[in-house]
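**Student:** Make a model of this:
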Amino acid sequence: MKAYYLIKNGSSKTAFELKDLHLNEPKDDEVTIETEVFGLNFADVMARLGYYKACPPLPAVIGYDVVGRIINKGKNVKNLEIGQRVTALTRFGGYATHVNTNQSGVVLIKEDTDAGIATALATQYSTAYFAAEYSMNLQKNEHVLIQAAAGGVGTALVQLAKRKGCIIYGTAGSEEKLEYLKKQGVDFPINYRKQDFYEYIKAERGEMSIDAIFDSIGGNYVKKGLKLLAPGGRLAMYGAAQIAGNSDNKSIVRQLKTLFGFGKYRPTQFFANSQALIGVNMLQIADYKPYILKKCMTAVVDLYNNKEINPTIGKTFKASELAEAHDFLQKRKSIGKIVIQW
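**Tutor:** Numbering: from 1, shown residues only. Modelled structure (predicted):
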């Protein structure tokens, strides 16, 4: 058994080391999975740079989603069997050939399901489903803004919002990505490198005109977004990518700029307009409401099997190209899900 360990923060070229992995027997509620692929998420970049507080002490094996076969299971696992092919959410440990994870984050997939697509369902689509269905309760004809809409979670949110009949505004950073958003059904693609999304939407619809905002960037994007919320509007945050930037150096200035960029909020401003500011963290849901995680994962696998959603695989890297994959994601070159294959 092998794993890529995060041994130090900073440059992707020196951050990881392939080492032997000693894996304990699965706990009573766990299964052991021999992995085919694992997924890359922006939280991995944040962990590598030293911004992710939940990351275990180094050296550590990070990673949140895998696809593979069950090769062992604990005594309390009843509805999963050895030999079955699954997609799984892991609480770290994903950058490995084998991983133990709680059965609540494991869902069966078909034998012919593409491994990359299945790993996107585990994290990105489950996050998007929880945010759209549980936290935001999207309704038909609502005006929805999705930041970083061409990414893994962004793509999932676009597809789930279109399924609900929403009108979608989506931001991305290149003309190639804008064309991708158009094909995904985004009604108003916005190039954030050329247009200020706030000014664009204000000119198009006016202030207090957006019903739901999904934000993975943080900082002043949230501050501006709140000005666009209509009465009854909701803003969900599920990341703070602005902190990472394009540099491998941890920057206190960038951290403070992002932190102060959020602005200051008063409880009265939210109840006066019946608005909500919501945080989404699927690791917390996995820890404290595992039955909700199971429902989300099962739902997105079913939606995929029924051809109601279709994850995009932006690029697949070999495990030996992990550093290149991290750089590709950090520099925002990716569209859809990034997959690492053993």
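**Student:** quick one: pLDDT of the spatially closest residue to Glu321 that is not a sequence neighbour?
**Tutor:** Nearest non-adjacent residue to Glu321, counting by Cβ to Cβ, 6 or more residues apart in numbering: Ile340, 7.9 Å away. Backbone N, C-alpha and C define where each C-beta goes, glycine included. If you check Ile340, the pLDDT there is 98.
**Student:** Repeat that for Gly233.
**Tutor:** Looking at Gly233, the pLDDT reads 97.
**Student:** swap in Tyr265?
**Tutor:** Reading off the model, Tyr265 has pLDDT 75.
**Student:** Tell me which residue lies nearest the centroid of the protein.
**Tutor:** The centre of the chain sits closest to Gln124, judged by Cα atoms, centre = their mean, with a distance of 4.1 Å.
**Student:** and the residue nearest to Glu321, that one's in a strand?
**Tutor:** Yes: per DSSP: H, G, I helix; E, B strand; the rest coil, Ile340 lies within a strand segment.
**Student:** if we can go back for a sec, which residues sit in contact with the residue nearest to the centre of the chain?
**Tutor:** 39, 41, 152-153, 155-156, 311, 337 (Cβ atoms under 8 Å, 6 or more residues apart in numbering).
**Student:** Distance of the residue nearest to it when sequence neighbours are not counted relative to Tyr125?
**Tutor:** Spatially, and ignoring its direct neighbours in sequence, Gln124 is nearest to Gly152 (3.8 Å; Cβ to Cβ, 6+ apart). In this view, Gly152 and Tyr125 are 8 Å apart by Cβ to Cβ, to the nearest Å.
**Student:** list residues touching both of the two?
**Tutor:** Joint contacts of Gly152 and Tyr125 (Cβ under 8 Å, 6+ apart) are Pro311.
**Student:** so of the contacts of Gln124, which ones are in helices?
**Tutor:** Filtering the contacts of Gln124 for membership in helices, criterion DSSP state H, returns 152-153, 155-156.
**Student:** Reformat the residues you listed into CSV and put distance to Asp65 and neighbour count next to each item.
**Tutor:** Formatted as CSV, the ones in helices among the contacts of Gln124 follow (distance: Cβ to Cβ, whole Å; neighbours: other Cβ atoms under 10 Å):
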residue, distance to Asp65, neighbour count
Gly152, 10, 30
Val153, 12, 27
Thr155, 15, 29
Ala156, 13, 30
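**Student:** Can you convert those residues into a markdown table and add a column each for distance to Gly170 and pLDDT?
**Tutor:** Conversion of the ones in helices among the contacts of Gln124 to a markdown table gives the following (distance: Cβ to Cβ, whole Å; pLDDT from 0 to 100):
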| residue | distance to Gly170 | pLDDT |
| --- | --- | --- |
| Gly152 | 14 | 94 |
| Val153 | 12 | 96 |
| Thr155 | 10 | 97 |
| Ala156 | 12 | 98 |
